Every structure is written in structure tokens, then in C-alpha cells.
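K.L.:
Make a model of this:
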Amino acid sequence: MYETFYGMKEKTFNLSPDPEYFYMSRGHERVYTHLEYAISENKGFAVVTGEIGSGKTTLINYLLYKTRLDIQIGLINNTNIPASQFLRAVCSEFELDIDAENKVDLMEIFQNFLLQQYAENNRVLLIIDEAQNLSPKIMEEIRMISNLEAEKSHLIQMILVGQPELKFKLQRMDLKQFAQRVSVYCHLDGLNRDEVGNYIRYRLGIGQAQNVDLFEEDAIDLIYSHSNGIPRIINIICDTALVYGYADGLQLITRSVIEEVINEREQSGIFKEFEKDGLLLPVEKGKKPVGAEASGPELQKFEARIARLEEDLGRLTEEMNDLKNLKDERDHIIFDLFKMLENSLKKRMQLLALVGKLSGSKEDRGSGGIEEQLQKLSLVKE
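P.N.:
You can find the predicted model right below:
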């Protein structure tokens, strides 16, 4: 729509995690350096957390785009699966034969795959996105997979990517062993004011816009204050503003355009709340989000409370899964009992039919009687 009007080759503020449009802020550079180190030095576990829309997935895609090593990569992004199915999902990601039914056989299949890749000097990397949703049982499954090691190096590397709740989850006492295996941890914050302006100009440049200074400085100020530096929200505001600018024939996007975009989206229920560390906080127009600068003892109490709630939720989830597994096990037992009963009835019917046949046969009675005939047929033991 607006691409031709503003001289762009394509829409520059799409929400897809395209590594070509990846902007290396100071925060992204720090996280990228940590992950690059973790991969190059074959560290076992790396954990990346960040706010929703902060660019975690784009950063991972950029990292893989730049990595020149021979790496077999698996990506798990459905983390709301039963723990019993997690290893099967991992094997499926690496296109392994998963006809095996039990976990022991699956683990053996996966270990043989890792050993084969190790012998061929290939690296294996498992990336788990939305890791904040992992249940404690799946976290334990991941830890068990990490135990598959060669004599002097890890057979598999793992990167867990998630929202800030993942950090609190790793503070749980029952996940202490897991947390101790994390060799690299980093958190991705939003962009600062200067980086927001540079980010917008950078994306316009990649999209070959005729004017990379398409957004006026006071418009960028407003974008920063309402997005809190989160790239996904910046993209949404800028994309909508360009549509408005095109409709009005504007060569520059002014502050009034951004105000119109934000006001309209607020009226529709969007941007009325600001999400921080998994909590929705009210935002007043022209003010920073409540609690955005909380620090010290209050923030520590706040984080501790979240950790306790997360632990309680995890425990309830485990209990619900145990009840479900118990029900499934009971259903299997009942099914097996019915099958046994069915087979028993079939055998009794066959036996009665044969007895009736032998009872009505004079030839059979003259050759030793019913019992002798049954013994010959191995239906009755002596």
C-alpha cells in the first residue's frame, strides 16, 4: 500500500523475525556475544529471557544465520505438551525414527544419534522457545538429556528462550540441579531513546526507503514513551503510522500522526496496559508505566511473591498431570481385563462346543471317551 509512495522495496516494519532486519542494539549485542561464546565453546546450557516482543526470536535467527559451524538444529516451540511426549518431540525435530513406545528406547535412539553426530564432528543444538511454559517435569527431562555427554565435551547444547517468568522458575528449589547447569544467562531489555530512533532509521534503510528520516524526532519521542523500547510495539506503531501518512499524503510522519495512531488503538483497547515481568500495569497517557522503575526491597518482595506463586502453580500442574496419568493407567488396566475376559469366554465357548461334539459321537466314545480325546487335543492336562 504505502511502499511505493515512500519509495520502499517492501514493508519495513513487519512483525516476522527476519534476520535481515535485525538491529544490533547494545543489549542485543551483549546477548549475542554471550550466545556466540556459548556455542563456540560448546557450553551445555544457555538461557535468554526478555519481555514479550523484545526481539529474542529474531536474535536467535540472526545468530543461526551468522553461525558457520556444522550444526544440527532442532526447535521446540510448543512447550505445552505432556512430559511423557517431550523426548518424542525432540526426536521428531531431528527427524529420527520414533516407532519406539517407551522412554528408554527413545533415549537410546537419541543417544545413538548424538554419538553419530559427534563422531562426524557435527554439533547438535536444541532451541526451546517459550520456555517459561515448561513444566518442572519437562525441565527434569531436559536435564536428563543434558547428561548425555562424551568424555570431554557435551553431545548436545541447549538454548532456552523465554519471558522473565523463566528466571523465577529457575529459582525454584526443585529445579536447583537444573539451574546449576546453566553456564550462560542473559536478559534482553527494551531499546533506549537513541536506539529507538536508530532502529527506525535502520529498518527504513534496509527497506530502501527514499528518506530514512521519515519520522520526525518528536514523533520518535512519543513512539519510545509508548513502546518502552519494545521492538514489536515500535513496528506496530510505525507500520500503522505509515498507513495514516500515505492516506493523508504526508511526506513526513509527525507527532500528531503518532498521537492519532495511539489514541485510536487505545480506544480499541490496545496499549491501555503495559506488560512488565508478566504483570499488566495501568498506563496513564504521558506517564511512564507504574512500577516500571521499581527497585530495591519492594521489587525483591515482588519477585519473591511471583516465584512463590509460580512454584504453587507448578505444583498444582504436576498434581493434575499425576491424576490424569493415574486415570489413563486405570483405563488401560480395565481395557486389559476386558480383553482377558473376552479371550477366556471365547476359549470356554470353544471348549463347550468341542465337548458337545465329542459327546454326540459314538466313534469318539468308543475310542476312549471324552476326557481322553480332550487330553489328546491338549485342552485338559492330566
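K.L.:
all strands for this protein, in order.
P.N.:
Here the chain has its strands, by DSSP state E, at 45-50, 71-76, 123-128, 157-162, 182-188, 273-276, 279-282.
K.L.:
so what's the residue lying closest to Leu166 once chain neighbours are set aside up against?
P.N.:
The shortest distance from Leu166 to any non-neighbouring residue, by CB to CB, 6 or more residues apart in numbering, is to Gln132 (4.2 Å). No exception for glycine: its C-beta is placed from N, CA and C like everyone else's. The contact partners of Gln132, taken as CB atoms under 8 Å, 6 or more residues apart in numbering, are 49, 162-166, 169.
K.L.:
okay, who's weakest in those residues by pLDDT?
P.N.:
Checking pLDDT across the contacts of Gln132, the minimum falls on Lys169 at 86.
K.L.:
Relative to Val243, how far out is that one?
P.N.:
39 Å (CB to CB, to the nearest Å).
K.L.:
One more: Leu191?
P.N.:
Applying CB to CB, the value for Leu191 to Val243 is 23 Å.
K.L.:
so where do the helices sit in this protein?
P.N.:
26-40, 56-66, 83-93, 103-119, 136-146, 165-169, 176-180, 193-206, 217-227, 231-248, 255-267, 296-359, 362-366, 369-376 (DSSP state H).
K.L.:
and the fourth one, what does it pack onto?
P.N.:
So that's helix 103-119. In terms of contacts (3 or more CB pairs under 8 Å, 6 or more residues apart in numbering; DSSP states H and E), helix 103-119 is packed against helix 83-93, strand 123-128.
K.L.:
For those, state which one has the densest average packing.
P.N.:
strand 123-128 (a mean of 21; mean count of other CB atoms under 10 Å).
K.L.:
in its sheet, what does it sit against?
P.N.:
Paired neighbours of strand 123-128 in the sheet (DSSP bridges): strand 71-76 (parallel), strand 157-162 (parallel).
K.L.:
Export the first one to CSV, keeping only CA atoms.
P.N.:
Output of strand 71-76 as CSV, limited to C-alpha atoms (Å, rounded to 0.1, in the frame of the first residue of the first chain):
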residue,chain,number,x,y,z
ILE,A,71,25.2,-27.8,13.5
GLN,A,72,22.2,-30.0,13.5
ILE,A,73,19.4,-27.7,14.9
GLY,A,74,16.1,-28.6,16.5
LEU,A,75,13.5,-26.1,17.5
ILE,A,76,10.8,-26.8,20.1
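K.L.:
Run the angle between that strand and helix 136-146 for me.
P.N.:
170 degrees (axes from the mean of the first three to the mean of the last three CA atoms, to 10 degrees).
K.L.:
just the last one next, same as before
P.N.:
On the basis of the same axes, to 10 degrees, strand 157-162 is oriented at 160 degrees to helix 136-146.
K.L.:
one step back: can you pick out the residue with more neighbours from Leu191 and Val243?
P.N.:
Leu191 (25 against 14; other CB atoms under 10 Å).
K.L.:
Contact partners for the closest residue to Met158 other than its chain neighbours?
P.N.:
In this structure, Met158 finds its nearest non-sequential neighbour in Leu126, 4.8 Å apart by CB to CB, 6+ apart. With contact set as CB under 8 Å, 6+ apart, Leu126 has these partners: 73-76, 90, 93, 145, 156-159.
K.L.:
Could you export those as JSON lines, including pLDDT and distance to Tyr37?
P.N.:
Listed next are those as JSON lines, based on pLDDT from 0 to 100; distance: CB to CB, whole Å:
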{"residue": "Ile73", "pLDDT": "88", "distance to Tyr37": "18"}
{"residue": "Gly74", "pLDDT": "90", "distance to Tyr37": "21"}
{"residue": "Leu75", "pLDDT": "90", "distance to Tyr37": "21"}
{"residue": "Ile76", "pLDDT": "91", "distance to Tyr37": "23"}
{"residue": "Val90", "pLDDT": "91", "distance to Tyr37": "24"}
{"residue": "Glu93", "pLDDT": "90", "distance to Tyr37": "24"}
{"residue": "Ile145", "pLDDT": "86", "distance to Tyr37": "22"}
{"residue": "Ile156", "pLDDT": "90", "distance to Tyr37": "17"}
{"residue": "Gln157", "pLDDT": "90", "distance to Tyr37": "12"}
{"residue": "Met158", "pLDDT": "91", "distance to Tyr37": "15"}
{"residue": "Ile159", "pLDDT": "93", "distance to Tyr37": "12"}
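K.L.:
Which helix or strand in the protein has the lowest average pLDDT?
P.N.:
Least confident helix or strand, the chain: strand 279-282 with a mean of 42, by mean pLDDT, DSSP states H and E.
K.L.:
Just confirm Ile233 contacts Ser225, I think it does.
P.N.:
No. If you go by CB atoms under 8 Å, Ile233 and Ser225 don't touch, sitting 11.2 Å apart.
K.L.:
quick one on the thing from earlier: in a markdown table, list the helices and strands packed on helix 103-119 along with distance to Leu345.
P.N.:
Output for the helices and strands packed on helix 103-119, formatted as a markdown table (distance: least, CB to CB, whole Å):
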| stretch | distance to Leu345 |
| --- | --- |
| helix 83-93 | 34 |
| strand 123-128 | 50 |
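K.L.:
and the closest residue to Tyr2 other than its chain neighbours, how many neighbours?
P.N.:
Sequence neighbours aside, Tyr246 is the residue nearest to Tyr2 in space, at 3.7 Å (criterion: CB to CB, 6+ apart). By other CB under 10 Å, the residues close to Tyr246 number 15.
K.L.:
Same check on Leu250?
P.N.:
17.
K.L.:
Please shift the residue numbers so they start at 740 in all later answers.
P.N.:
Got it, the first residue is 740 from now on, which makes the last one we talked about Leu989.
K.L.:
Pull the number of nearby residues for the nearest residue to it once chain neighbours are set aside.
P.N.:
Distance criterion CB to CB, 6+ apart; nearest residue to Leu989, sequence neighbours excluded, is Val996 at 6.9 Å. With neighbours defined by other CB under 10 Å, the count for Val996 comes to 23.
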